[in-house]
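> how does the following fold in three dimensions:
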Amino acid sequence: MRKKIVAGNWKMNLTKEQALELTRELVDTLGDLTEHQRVMVCPPSIHLSSVAEVASESKALEVGGQNMHQAESGAYTGEISGAMLKSYGINSVLLGHSERRAYFQENNALLGEKVDAALAAGIEVIYCFGELLEERENETHFEVVSSQLKEALFHLEASQWKHIVLAYEPIWAIGTGRTASPEQAQEMHAHIRGVLADHYGQECADGVSILYGGSVKPDNAKEIFGKPDVDGGLIGGASLKKYDFMAIVAAM
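Below is the predicted model:
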């Protein structure tokens, strides 16, 4: 049975003091989870060590990275490697977020290299992808999403997919207040699972958790998460507020 996951992406927000305060609140509030549920926060890399230390007091709260470089080490000022993440007990990382694609020109080929580097370091990948508004409006969104999957991930062996989580994020719904309807989310998640099944078989496809990201809030999370192919959410702004984030976790 695939996992239900709520992961908070803090992006470039919070000072050290604010990050530790929020982590402490989550540790104190988050109760026990079932074996099929996971809750994670992904702070800026500068906070990873201190946030992970506080989170370690909870059996339920995981900490992930927001990005990593594809090289093991070298002259890449400002970057972090998989080995560095692992040395702080970080076992998951976001790759391919739309902001990385848009602002730092990360493409599917580069992301394929990053995925390989993460898996080689023993790090789970939460692979983010999704279409622009113009691509949905001109009805190429299914093609775009399929390409983002195939070009970055379809070189992997089926056995490696147990270390991959997918996060579908329609770019037009990130930080805009617009949200894909539950029906739109389900339609795309079912398409994604179908693309996986066509290439790797239904058993592999059924085992992959697919998260929805895009202005998920306490008042829409339950309906979105209730769809059969939606396995939780990658949460942006709402993950910075304890009560909002915990309400979304409860919706899981």
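> alpha carbons only for contacts and neighbour counts from here, please
OK.
> where in the stretch 51-200 of the chain is pLDDT low?
Under the criterion pLDDT under 70, no range of the stretch 51-200 of the chain is flagged.
> strands of that one, start to end?
Assigned by DSSP state E, counting those that start in this stretch, the stretch 51-200 of the chain shows strands spanning 61-63, 92-95, 124-129, 164-168.
> just the residues contacting the shortest one, thanks.
For strand 61-63, the external contacting residues (CA atoms under 8 Å, 6 or more residues apart in numbering) are 26-27, 30, 38-43, 48, 51-52, 55-56, 90-92.
> stretch 119-132 spans what distance, first to last residue?
End-to-end distance for stretch 119-132, by CA to CA, to the nearest Å: 28 Å.
> for that stretch, which positions count as buried?
Within stretch 119-132, the residues scored as buried using 16 or more other CA atoms under 10 Å are 119, 121-132.
> now stretch 95-115
Here stretch 95-115 shows Leu95, Gly96, His97, Ser98, Arg101, Glu106, Asn108, Leu111, Gly112, Lys114, Val115 as buried, counting by 16+ other CA under 10 Å.
> leaving out sequence neighbours, find the closest residue to the first one.
Looking back up the chat, that one is Leu95. Spatially, and ignoring its direct neighbours in sequence, Leu95 is nearest to Tyr127 (5.0 Å; CA to CA, 6 or more residues apart in numbering).
> number of nearby residues for His69?
20 (other CA atoms under 10 Å).
> where exactly do the helices run in the stretch 51-200 of the chain?
With DSSP state H, counting those that start in this stretch, the ranges of helices along the stretch 51-200 of the chain come out as 82-87, 98-104, 108-120, 133-137, 141-153, 182-200.
> export those as TSV, with columns for distance to Ala221.
What follows is those, written out as TSV (distance: least, CA to CA, whole Å):
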stretch	distance to Ala221
helix 82-87	30
helix 98-104	21
helix 108-120	28
helix 133-137	22
helix 141-153	22
helix 182-200	9
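> winner for burial among the ones you listed?
Ranked by average neighbour count under the criterion mean count of other CA atoms under 10 Å, the helices of the stretch 51-200 of the chain are headed by helix 108-120 at a mean of 20.
> against which helices or strands is that one packed?
For helix 108-120, the elements it packs on are strand 92-95, strand 124-129, helix 141-153, judged by 3 or more CA pairs under 8 Å, 6 or more residues apart in numbering; DSSP states H and E.
> residues making contact with the longest one?
Contacts to helix 141-153, defined as CA under 8 Å, 6+ apart, come from residues 108-113, 115, 129-132, 135, 188, 191-192, 195.
> rewinding a little: do I have it right that the residue nearest to Leu95 meets Ser92?
No: here Tyr127 lies out of contact with Ser92, judged by CA atoms under 8 Å, at a distance of 10.4 Å.
> hang on, the earlier thing: redo the strands of the stretch 51-200 of the chain as TSV? Include distance to Val6.
Formatted as TSV, these follow (distance: least, CA to CA, whole Å):
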stretch	distance to Val6
strand 61-63	10
strand 92-95	13
strand 124-129	12
strand 164-168	11
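> indicate which one of these is closest to Thr176.
strand 164-168 (15.8 Å; CA to CA).
> next, the angle helix 182-200 makes with that closest one.
Put simply, strand 164-168 runs at 140 degrees to helix 182-200, going by axes from the mean of the first three to the mean of the last three CA atoms, to 10 degrees.
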